[in-house]
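J.: 3D, please:
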Amino acid sequence: MEVAHVDSTSTLIEEIRDKFNPGSPAHKRYIESFYEYSHELTDIFTAKPGILLRWDHLMTQFNTNDLSTTEVNQSHLNQMNELLDEVYELASVPLRETISQHRLEMDHFPDTMAFLLFSFYFF
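T.: Numbering: from 1, shown residues only. So this is what the prediction gives:
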């Protein structure tokens, strides 16, 4: 049953990636951050796998069949900030700076798709 959920989350993430405007400055920054820090993030998630488990739980709160009916609320932002706090504690100085920059943007995301895209690139 858990594998089916992961597949569903993967499909959602692919859909988000494909729908987000690849030419936008935000998208380019997320892509660059993902590739620049993917090895470090892998090390962090290996050391603290609970971070990914809680991220997965957060993602289950979104309706994968109809994202237009799902909105990011303060609880979602709080949960993401808690996850980012844990990653930040273990991160290098450059990754901390990147998290801080993106974290400011997260509070101003206009929609659910952008929030989930941010989540995808950091988790």
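
J.: Next secondary structure after the longest helix belonging to the chain?
T.: Longest helix in the chain, counting residues (DSSP state H): helix 25-47. Later in the chain than helix 25-47, the nearest helix or strand by DSSP states H and E is helix 50-59.

J.: Mind giving me the packing neighbours of that following helix?
T.: Counting contacts by 3 or more CB pairs under 8 Å, 6 or more residues apart in numbering; DSSP states H and E, helix 50-59 packs against helix 2-19, helix 25-47, helix 74-90, helix 112-122. To be clear about C-beta, it is placed using only N, CA and C from the backbone, and glycine gets the same treatment.

J.: TSV please, covering those and showing mean pLDDT, mean neighbour count and distance to Phe62.
T.: Shown next, in TSV, are the helices and strands packed on helix 50-59 (pLDDT from 0 to 100; neighbours: other CB atoms under 10 Å; distance: least, CB to CB, whole Å):
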stretch	mean pLDDT	mean neighbour count	distance to Phe62
helix 2-19	54	12	7
helix 25-47	85	14	18
helix 74-90	91	15	8
helix 112-122	74	21	7
